[in-house]
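**Q** Requesting a structural model of the entry that follows:
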Amino acid sequence: MDPVTDEQFDAIVQEALDDVPAELMAMLDNVAFFVEDEPSADDPDLLGIYEGTPLTERGEWWGQGSLPDRITLFRGPLTRMCADAEELREEIAVTVVHEIAHHFGIEEETLHDLGWG
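**A** Prediction:
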């Protein structure tokens with residue numbers, strides 16, 4: 001894929017987020033989306049990551065002063081694996097759904113079994 005500017009990538013991310021069903025996005029609770037250039041050196045091919053407390057693990061006092069959960073997309077691995085902007089948009093949407101599933105408490109193994117891994 002030809003290099004994309006930060007602005008072009010952000011626009012593709014917005015398009016991909018618009019592709020995620022609105023019902024699914026409405027179910028998110030205190031989640032912020034971020035874009036970073038590269039993941040840690042421990043997992044250089046990581047496309048995205050969910051960091052936070054899944055809904056299934058929140059108690060009645062959760063959220064009192066808590067920062068939002070984070071879904072981070074990694075520009076480098078995503079653009080390297082995609083041939084064009086359309087494929088990139090689709091891969092970002094799949095990655096977002098995958099990370100949202102973690103927010104709902106769905107484990108990696110289950111996601112793989114469902115074809116989202």
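
**Q** Mind jotting down where the strands sit in the chain?
**A** 31-36, 48-51, 69-74 (DSSP state E).

**Q** Quick one: closest of these to residue 102.
**A** strand 48-51 (3.9 Å; CB to CB). Any C-beta I mention is one placed from the backbone N, CA and C, and that applies to glycine too.

**Q** quick revisit: need the strands of the chain in JSON lines with distance to residue 103, can you?
**A** JSON lines is the format used below for the strands of the chain (distance: least, CB to CB, whole Å):
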{"stretch": "strand 31-36", "distance to residue 103": "6"}
{"stretch": "strand 48-51", "distance to residue 103": "6"}
{"stretch": "strand 69-74", "distance to residue 103": "6"}
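
**Q** Let's have the ones you listed in a markdown table, adding mean neighbour count.
**A** Converted to a markdown table, the strands of the chain look like this (neighbours: other CB atoms under 10 Å):
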| stretch | mean neighbour count |
| --- | --- |
| strand 31-36 | 14 |
| strand 48-51 | 19 |
| strand 69-74 | 20 |
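
**Q** Compare those and report which one is nearest to residue 57.
**A** The nearest among those, by CB to CB, is strand 69-74 at 11.1 Å.

**Q** How about the nearest residue to residue 35 once chain neighbours are set aside: which residues does it bridge to?
**A** Leaving aside its sequence neighbours, residue 35 sits nearest to residue 73 (CB to CB, 6 or more residues apart in numbering; 5.1 Å). Beta bridges link residue 73 to residue 35, residue 48 when assigned by DSSP bridges.

**Q** Verify the stated contact: residue 73 with residue 98.
**A** No: using CB atoms under 8 Å, residue 73 makes no contact with residue 98, being 10.8 Å away.
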